[in-house]
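# I'll drop the sequence and a predicted model, then ask my questions.
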Amino acid sequence: MKYIVLLGDGMSDEAVKELDGKTPLQAASTPNMDAMARRGKIGLARTVPKGLPPGSDVANLSVFGYDPRTCYTGRSPLEAASMGVHLGPDDVAFRVNLVNLQPARGTIIMNDYSAGHISTEEGRELIEALQQELGSDEFQFYPGVGYRHLMVWRNGLNGMTVTPPHDISGQGILDYLPKGEGAEKLVNLMNSSQMIFYNHPQYRRRLEADKVPANSIWLWGHGKAPLMEPFEKQFGLAGAVISAVDLINGIGIGAGLDVIRVKGATGYLDTNYEGKVQAALEALKTHDFVYLHVEAPDEASHSGNLADKLKAIEDFDARVVGPIMDGIKAFGDYRILCTPDHPTPIKLRTHTDAPVPFIIYDGGEAENSAVAGYDENSAQASGLLIEEGFRLMDLLLDK
């Protein structure tokens, strides 16, 4: 038996006025996911336990089959694992976003949480400049992918309050700066980065190219190294993970899964969908379980771009779900779990903790005419709710 998770990050949403009250999943053309929903099991799963932040870290831990209430320590430690950065027991990892801040309405606003979706190469240039100017035995900066990077505070503090930058798009930042013991050091690093970036040649290059320049860092998502039981020990399967983002790869590493890097995987609309599908089908030749993650719907939601979200969902259906449905047949018995990790409503431009619609499909052809297709309403109408989202893995594996 082969098992695969197809995860469209942030696909689920709420009713959108511009779509005549439909959600993006209802409005998008998704014939492959609709067919799976009619021929498989559809329902809702609560992937974010009450009291935990509705981040991709918490939600994806649940989909991987891990209870976040027992193993979640923060987002950045998982990203550090993916990047090969060792954390000692007293070290604290932070996500470093490259952002663009702008004066507006008498304050400073979060103009772009991704610095215009800066390229990995340009991001590396800036992080290397930060390390040269601000790096020390206490603080170290490590380049990641696109706008997503890492800082480690050796023997650092871990109790401050921070805010994800995508939660405050278009809002004033002053009320959302880090707070608590040690926060002044973080704010000082953020302020110091601004002059470094302003004086970097890249700043002018991006302005001249009519691109949004990175003019500051934003520190968030901190935590210490987590302890996770290996996936193979917990579920009895050897597996692999395929994603463009360090967070998901870091969960895979923590779970003892093989991480497969795909050239051209960007985490955005221009990602290498076909390369991911090919890598997944190839991995199933030697693994029993594959977790294939696509970031694009979530990025479109954070940007508040409805057209991009619809395109991301349709690309996921046509260029990932359809080819996987065809290719996996060669392996005989199989089961597919198709799901978002969390909702990312366009009108909010950030995550919520509402349950997400999922499908489990094993190749059956008998259709349930009562299921309209794959969307939030059909999932709710099924009456099936997995209250503890981490048990979704047991449902996939029929445990």
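Sure, I can see it.
# and this protein, what are its domains?
2-70+228-397, 92-223 (automatic domain parsing).
# Now those in CSV, please, with extra columns for mean neighbour count and mean pLDDT.
C-betas here are computed from N, CA, C, even on glycine. Listed next are the domains of the chain as CSV, based on neighbours: other CB atoms under 10 Å; pLDDT from 0 to 100:
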stretch, mean neighbour count, mean pLDDT
domain 2-70+228-397, 20, 97
domain 92-223, 18, 97
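# In TSV, list those domains along with distance to Ser82.
Output for the domains of the chain, formatted as TSV (distance: least, CB to CB, whole Å):
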stretch	distance to Ser82
domain 2-70+228-397	4
domain 92-223	8
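# To Ser76, which of the ones you listed lies closest?
Among the domains of the chain, domain 92-223 comes nearest to Ser76, with 3.8 Å by CB to CB.
# how far does the closest one stretch from start to finish?
Terminal residues of domain 92-223 lie 5 Å apart, using CA to CA, to the nearest Å.
# Stretch 256-275 too?
Span of stretch 256-275 from end to end, CA to CA: 23 Å.
# Pick out the residue closest to the middle of this protein.
Nearest to the mean C-alpha position of the chain, by CA atoms, centre = their mean, lies Ser56 at 4.8 Å.
# so what's the backbone phi/psi at that one?
With angles defined as degrees, to the nearest 10, Ser56 sits at phi -60, psi -30.
# List the contacts of it.
Residues near Ser56 by CB atoms under 8 Å, 6 or more residues apart in numbering: 9-10, 75, 247-248, 298, 341-342, 351.
# I'd like those residues laid out as a markdown table, including distance to Met36 and secondary structure.
Shown next, in a markdown table, are the contacts of Ser56 (distance: CB to CB, whole Å; DSSP: H, G, I helix; E, B strand; the rest coil):
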| residue | distance to Met36 | secondary structure |
| --- | --- | --- |
| Asp9 | 18 | coil |
| Gly10 | 19 | coil |
| Arg75 | 30 | coil |
| Leu247 | 26 | helix |
| Ile248 | 22 | helix |
| Asp298 | 21 | helix |
| Asp341 | 18 | coil |
| His342 | 20 | coil |
| His351 | 24 | coil |
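# need those in CSV with distance to Asp137, can you?
Below are these laid out as CSV (distance: CB to CB, whole Å):
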residue, distance to Asp137
Asp9, 36
Gly10, 38
Arg75, 24
Leu247, 27
Ile248, 31
Asp298, 36
Asp341, 36
His342, 37
His351, 35
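# and which of these is nearest to Ala225?
Using CB to CB, Arg75 comes nearest to Ala225 of the contacts of Ser56, at 12.5 Å.
# Give me the distance between that closest one and Ser169.
To Ser169, Arg75 is 18 Å away according to CB to CB, to the nearest Å.
# Which strands or helices does the lengthiest strand in the chain pack on?
When the chain is scanned for its longest strand (criterion: DSSP state E), the result is strand 92-104. Packing contacts for strand 92-104, counted by 3 or more CB pairs under 8 Å, 6 or more residues apart in numbering; DSSP states H and E, involve helix 76-82, strand 107-112, helix 120-134, strand 148-153, strand 216-223.
# change it to 10 Å
helix 76-82, strand 107-112, helix 120-134, strand 139-145, strand 148-153, helix 183-198, strand 216-223, helix 246-254 (3 or more CB pairs under 10 Å, 6 or more residues apart in numbering; DSSP states H and E).
# how far off strand 139-145 does the last one point, in degrees?
Right, the one you point to is helix 246-254. Angle, helix 246-254 to strand 139-145, by axes from the mean of the first three to the mean of the last three CA atoms, to 10 degrees: 100 degrees.
# Next secondary structure element downstream of helix 246-254?
Downstream of helix 246-254, the first helix or strand assigned by DSSP states H and E is strand 258-259.
# contacts for that next one?
Residues from elsewhere that reach strand 258-259 (CB atoms under 10 Å, 6 or more residues apart in numbering): 81-82, 238-243, 246, 248-253, 283, 286-287, 290.
# Dump the helices and strands packed on strand 92-104 to TSV, plus distance to Met1.
Formatted as TSV, the helices and strands packed on strand 92-104 follow (distance: least, CB to CB, whole Å):
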stretch	distance to Met1
helix 76-82	28
strand 107-112	45
helix 120-134	37
strand 139-145	33
strand 148-153	35
helix 183-198	47
strand 216-223	35
helix 246-254	20
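# Nearest to Asp317, out of these?
Closest among the helices and strands packed on strand 92-104, using CB to CB: helix 246-254, at 19.8 Å.
# CA-only coordinates of the closest one, as CSV, when you get a sec.
What follows is the C-alpha trace of helix 246-254 in CSV, where atoms were taken according to Å, rounded to 0.1, in the frame of the first residue of the first chain:
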residue,chain,number,x,y,z
ASP,A,246,12.1,25.1,5.2
LEU,A,247,9.3,24.8,7.7
ILE,A,248,7.8,21.7,6.1
ASN,A,249,11.1,20.2,5.3
GLY,A,250,12.1,20.8,8.9
ILE,A,251,9.1,18.9,10.2
GLY,A,252,10.1,16.1,7.8
ILE,A,253,13.6,16.1,9.2
GLY,A,254,12.3,16.1,12.8
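# distance between that helix and the chain's centre?
In terms of CA atoms, centre = their mean, to the nearest Å, the centre of helix 246-254 is found 11 Å from the chain centre.
# quick one: that helix to strand 92-104, angle?
Angle of helix 246-254 versus strand 92-104, following the same axes, to 10 degrees, is 170 degrees.
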